[in-house]
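S.K.: One predicted model, sequence on top.
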Amino acid sequence: QKEVEQNSGPLSVPEGAIASLNCTYSDRVSQSFFWYRQYSGKSPELIMSIYSNGDKEDGRFTAQLNKASQYVSLLIRDSQPSDSATYLCAVNRVTGFQKLVFGTGTRLLVSP
Amino acid sequence: NAGVTQTPKFRILKIGQSMTLQCTQDMNHNYMYWYRQDPGMGLKLIYYSVGAGITDKGEVPNGYNVSRSTTEDFPLRLELAAPSQTSVYFCASSQTGTGYSEQYFGPGTRLTVT
(Lines give C-alpha, C1' and ligand atoms only; values in the text may rest on other atoms or scores of the structure.)
Protein backbone atom coordinates (compact mmCIF):
# COMPACT_ATOMS: atom_id res chain seq x y z
CA GLN A 1 0.00 0.00 0.00
CA LYS A 2 1.36 3.40 -0.96
CA GLU A 3 1.78 5.91 1.84
CA VAL A 4 -0.16 8.56 -0.08
CA GLU A 5 -2.59 7.60 -2.83
CA GLN A 6 -4.24 9.76 -5.43
CA ASN A 7 -6.18 8.97 -8.55
CA SER A 8 -3.94 9.98 -11.44
CA GLY A 9 -6.88 11.21 -13.54
CA PRO A 10 -7.33 13.12 -15.64
CA LEU A 11 -10.30 14.60 -13.87
CA SER A 12 -12.24 16.60 -16.44
CA VAL A 13 -14.70 19.29 -15.36
CA PRO A 14 -16.38 22.11 -17.26
CA GLU A 15 -15.59 25.71 -16.49
CA GLY A 16 -17.58 26.95 -13.50
CA ALA A 17 -18.05 23.50 -11.96
CA ILE A 18 -16.68 22.21 -8.67
CA ALA A 19 -13.60 20.01 -8.96
CA SER A 20 -13.11 17.47 -6.18
CA LEU A 21 -9.65 15.99 -5.68
CA ASN A 22 -9.10 13.18 -3.21
CA CYS A 23 -6.17 11.75 -1.31
CA THR A 24 -5.83 8.89 1.16
CA TYR A 25 -2.87 8.17 3.40
CA SER A 26 -1.75 5.10 5.28
CA ASP A 27 0.14 6.42 8.31
CA ARG A 28 -2.21 7.17 11.18
CA VAL A 29 0.33 9.40 12.96
CA SER A 30 0.29 11.90 10.08
CA GLN A 31 -0.69 15.29 11.40
CA SER A 32 -0.22 17.84 8.64
CA PHE A 33 -1.41 17.81 5.07
CA PHE A 34 -0.61 19.97 2.09
CA TRP A 35 -1.93 20.51 -1.41
CA TYR A 36 0.49 21.63 -4.09
CA ARG A 37 -0.41 22.71 -7.61
CA GLN A 38 2.05 21.89 -10.38
CA TYR A 39 1.68 23.26 -13.88
CA SER A 40 3.31 21.25 -16.66
CA GLY A 41 7.05 21.83 -16.66
CA LYS A 42 6.93 23.95 -13.50
CA SER A 43 7.68 23.42 -9.83
CA PRO A 44 5.12 22.57 -7.14
CA GLU A 45 3.39 25.58 -5.62
CA LEU A 46 1.80 25.35 -2.18
CA ILE A 47 -1.89 26.27 -2.26
CA MET A 48 -3.36 24.87 0.96
CA SER A 49 -2.32 23.35 4.25
CA ILE A 50 -4.62 21.71 6.80
CA TYR A 51 -3.91 20.30 10.23
CA SER A 52 -7.27 19.77 11.95
CA ASN A 53 -10.34 17.74 11.08
CA GLY A 54 -12.95 19.65 9.12
CA ASP A 55 -12.85 22.24 6.38
CA LYS A 56 -10.45 25.07 5.66
CA GLU A 57 -11.40 27.62 3.04
CA ASP A 58 -9.18 30.01 1.09
CA GLY A 59 -10.87 31.80 -1.76
CA ARG A 60 -12.14 29.25 -4.26
CA PHE A 61 -10.23 26.44 -2.54
CA THR A 62 -11.49 24.30 0.34
CA ALA A 63 -9.40 21.59 1.97
CA GLN A 64 -11.21 18.89 3.92
CA LEU A 65 -9.59 16.54 6.41
CA ASN A 66 -10.97 13.41 8.05
CA LYS A 67 -8.27 11.77 10.15
CA ALA A 68 -10.51 8.88 11.23
CA SER A 69 -10.94 7.87 7.60
CA GLN A 70 -7.37 8.94 6.70
CA TYR A 71 -8.72 11.05 3.92
CA VAL A 72 -7.99 14.57 2.70
CA SER A 73 -9.61 16.35 -0.20
CA LEU A 74 -9.40 19.60 -2.13
CA LEU A 75 -12.45 21.29 -3.60
CA ILE A 76 -12.05 23.96 -6.25
CA ARG A 77 -15.19 26.02 -6.76
CA ASP A 78 -15.97 27.89 -9.97
CA SER A 79 -13.19 26.01 -11.77
CA GLN A 80 -11.31 27.98 -14.40
CA PRO A 81 -9.20 26.75 -17.34
CA SER A 82 -6.22 28.25 -15.49
CA ASP A 83 -6.80 25.67 -12.74
CA SER A 84 -5.79 22.93 -15.19
CA ALA A 85 -2.72 21.40 -13.58
CA THR A 86 -1.57 18.42 -11.55
CA TYR A 87 -2.46 18.59 -7.87
CA LEU A 88 -0.09 16.88 -5.45
CA CYS A 89 -1.17 15.78 -2.01
CA ALA A 90 1.63 15.73 0.57
CA VAL A 91 1.44 14.23 4.04
CA ASN A 92 3.82 14.82 6.88
CA ARG A 93 4.58 13.45 10.30
CA VAL A 94 4.86 15.88 13.15
CA THR A 95 7.17 13.69 15.18
CA GLY A 96 10.81 14.46 14.55
CA PHE A 97 12.14 15.78 11.28
CA GLN A 98 9.61 16.87 8.72
CA LYS A 99 9.41 14.25 5.99
CA LEU A 100 6.92 15.11 3.33
CA VAL A 101 5.54 12.11 1.46
CA PHE A 102 4.00 13.06 -1.86
CA GLY A 103 1.29 11.35 -3.83
CA THR A 104 1.76 10.95 -7.57
CA GLY A 105 -0.78 13.69 -8.23
CA THR A 106 -4.15 14.09 -9.93
CA ARG A 107 -4.27 15.82 -13.29
CA LEU A 108 -7.17 18.26 -13.53
CA LEU A 109 -8.49 19.48 -16.87
CA VAL A 110 -10.98 22.35 -16.89
CA SER A 111 -12.64 22.83 -20.25
CA PRO A 112 -14.02 26.24 -21.36
CA ASN B 1 13.23 38.37 -2.59
CA ALA B 2 13.87 35.67 -5.20
CA GLY B 3 12.92 32.70 -2.98
CA VAL B 4 14.61 29.48 -4.08
CA THR B 5 16.71 29.62 -7.24
CA GLN B 6 18.30 26.74 -9.13
CA THR B 7 20.85 26.50 -11.92
CA PRO B 8 21.07 25.25 -14.57
CA LYS B 9 17.51 24.91 -15.91
CA PHE B 10 18.46 22.15 -18.33
CA ARG B 11 21.46 19.91 -18.75
CA ILE B 12 22.42 16.92 -20.87
CA LEU B 13 25.16 14.68 -19.49
CA LYS B 14 26.94 11.72 -20.95
CA ILE B 15 27.13 8.52 -18.92
CA GLY B 16 29.99 8.74 -16.44
CA GLN B 17 30.21 12.53 -16.38
CA SER B 18 29.78 14.53 -13.19
CA MET B 19 28.04 17.79 -12.43
CA THR B 20 26.79 19.99 -9.63
CA LEU B 21 23.25 21.33 -9.42
CA GLN B 22 23.16 24.66 -7.63
CA CYS B 23 20.47 25.78 -5.20
CA THR B 24 20.27 29.09 -3.33
CA GLN B 25 17.57 30.53 -1.09
CA ASP B 26 17.31 34.06 0.26
CA MET B 27 14.61 33.48 2.88
CA ASN B 28 17.07 32.63 5.67
CA HIS B 29 15.51 29.18 5.95
CA ASN B 30 17.36 26.63 8.02
CA TYR B 31 16.07 23.54 6.25
CA MET B 32 16.80 22.68 2.66
CA TYR B 33 15.91 19.65 0.56
CA TRP B 34 16.65 17.99 -2.75
CA TYR B 35 13.93 16.00 -4.53
CA ARG B 36 13.75 14.21 -7.82
CA GLN B 37 10.56 13.78 -9.82
CA ASP B 38 10.25 11.11 -12.47
CA PRO B 39 7.37 11.16 -14.99
CA GLY B 40 4.10 10.07 -13.38
CA MET B 41 5.75 9.69 -10.00
CA GLY B 42 5.68 11.65 -6.82
CA LEU B 43 8.61 13.63 -5.50
CA LYS B 44 11.31 11.53 -3.84
CA LEU B 45 13.62 13.01 -1.21
CA ILE B 46 17.31 12.63 -2.06
CA TYR B 47 19.07 14.58 0.72
CA TYR B 48 18.18 17.23 3.23
CA SER B 49 19.99 19.67 5.49
CA VAL B 50 18.92 21.09 8.84
CA GLY B 51 21.51 23.87 8.82
CA ALA B 52 24.99 24.81 7.67
CA GLY B 53 27.32 21.85 8.03
CA ILE B 54 24.56 19.29 8.70
CA THR B 55 23.16 17.01 6.02
CA ASP B 56 21.44 13.64 5.95
CA LYS B 57 20.17 11.08 3.47
CA GLY B 58 16.62 10.88 2.24
CA GLU B 59 14.87 8.02 0.45
CA VAL B 60 17.03 7.83 -2.72
CA PRO B 61 20.57 9.11 -1.93
CA ASN B 62 22.63 6.64 -3.98
CA GLY B 63 24.71 8.32 -6.68
CA TYR B 64 24.45 11.79 -5.12
CA ASN B 65 26.33 13.91 -2.62
CA VAL B 66 25.57 17.21 -0.94
CA SER B 67 27.25 19.84 1.15
CA ARG B 68 25.97 22.85 3.09
CA SER B 69 28.66 25.38 3.90
CA THR B 70 26.30 28.36 4.20
CA THR B 71 22.65 28.88 5.13
CA GLU B 72 21.86 30.04 1.61
CA ASP B 73 23.45 27.35 -0.58
CA PHE B 74 22.79 23.63 -0.90
CA PRO B 75 24.48 22.14 -3.99
CA LEU B 76 23.78 18.59 -5.19
CA ARG B 77 26.64 16.67 -6.76
CA LEU B 78 26.16 13.85 -9.25
CA GLU B 79 29.17 11.60 -9.64
CA LEU B 80 29.42 9.13 -12.54
CA ALA B 81 26.06 10.00 -14.08
CA ALA B 82 23.82 7.09 -15.08
CA PRO B 83 20.67 6.98 -17.26
CA SER B 84 18.65 6.21 -14.10
CA GLN B 85 19.45 9.74 -12.92
CA THR B 86 17.51 11.28 -15.79
CA SER B 87 14.89 13.25 -13.93
CA VAL B 88 13.72 16.68 -12.87
CA TYR B 89 15.44 17.87 -9.72
CA PHE B 90 13.81 20.29 -7.31
CA CYS B 91 15.39 22.09 -4.41
CA ALA B 92 13.14 23.27 -1.58
CA SER B 93 13.49 25.09 1.71
CA SER B 94 11.50 25.60 4.90
CA GLN B 95 11.90 27.77 7.98
CA THR B 96 11.89 24.84 10.39
CA GLY B 97 11.77 21.08 10.21
CA THR B 98 8.53 20.63 12.10
CA GLY B 99 5.45 19.12 10.53
CA TYR B 100 3.77 22.50 10.29
CA SER B 101 6.52 24.18 8.30
CA GLU B 102 5.70 24.77 4.65
CA GLN B 103 8.22 23.91 1.98
CA TYR B 104 8.90 26.24 -0.94
CA PHE B 105 10.28 24.90 -4.17
CA GLY B 106 12.75 26.22 -6.72
CA PRO B 107 12.01 26.12 -10.47
CA GLY B 108 13.80 22.82 -11.05
CA THR B 109 16.62 21.42 -13.18
CA ARG B 110 15.75 19.04 -15.99
CA LEU B 111 18.61 16.55 -16.39
CA THR B 112 19.05 14.01 -19.16
CA VAL B 113 21.79 11.39 -19.03
CA THR B 114 22.54 9.64 -22.33
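M.R.: Nice, thanks for sending it over. Numbering: from 1, shown residues only, chains lettered A, B, ... in the order given.
S.K.: Where does pLDDT dip in chain B?
M.R.: Judged by pLDDT under 70, chain B has its weakly predicted residues at B:1, B:98-99.
S.K.: Spell out which parts of it neighbour chain A.
M.R.: B:31, B:40-43, B:45, B:48, B:50, B:58, B:90, B:94, B:96-108 (Cβ under 8 Å from any Cβ of the partner chain). Every C-beta, even on glycine, is put in place using the N, C-alpha and C of the backbone.
S.K.: which of these count as buried?
M.R.: Buried members of the residues of chain B next to chain A, scored by 16 or more other Cβ atoms under 10 Å in any protein chain shown, are B:31, B:42-43, B:45, B:48, B:50, B:58, B:90, B:94, B:97-99, B:101-106, B:108.
S.K.: Could you tell me which of those residues belong to helices?
M.R.: Among these, no member is found in helices (DSSP state H).
S.K.: Show me which residues of chain A sit near chain B.
M.R.: By Cβ under 8 Å from any Cβ, the residues of chain A that approach chain B are A:4, A:8, A:31-32, A:34, A:42-46, A:49, A:51, A:88, A:92-95, A:97-105.
S.K.: Report the secondary structure element holding the residue nearest the centre of chain B.
M.R.: Taking Cα atoms, centre = their mean, the centroid of chain B lies closest to B:Trp34, which sits 2.8 Å from it. Assigned by DSSP states H and E, B:Trp34 belongs to strand B:31-37.
S.K.: May I see the buried residues of stretch B:53-60?
M.R.: The neighbour-count check on stretch B:53-60 (16+ other Cβ under 10 Å) flags B:55, B:58, B:60 as buried.
S.K.: try stretch A:10-28
M.R.: Within stretch A:10-28, the residues that count as buried by 16+ other Cβ under 10 Å are A:11, A:13, A:19, A:21-25.
S.K.: what's the nearest residue to B:Ile28 if we skip its chain neighbours?
M.R.: Quick fix: residue B:28 is Asn, not Ile. Of all residues not flanking B:Asn28 in the chain, B:Thr71 sits nearest, at 6.5 Å (Cβ to Cβ, 6 or more residues apart in numbering or on different chains).
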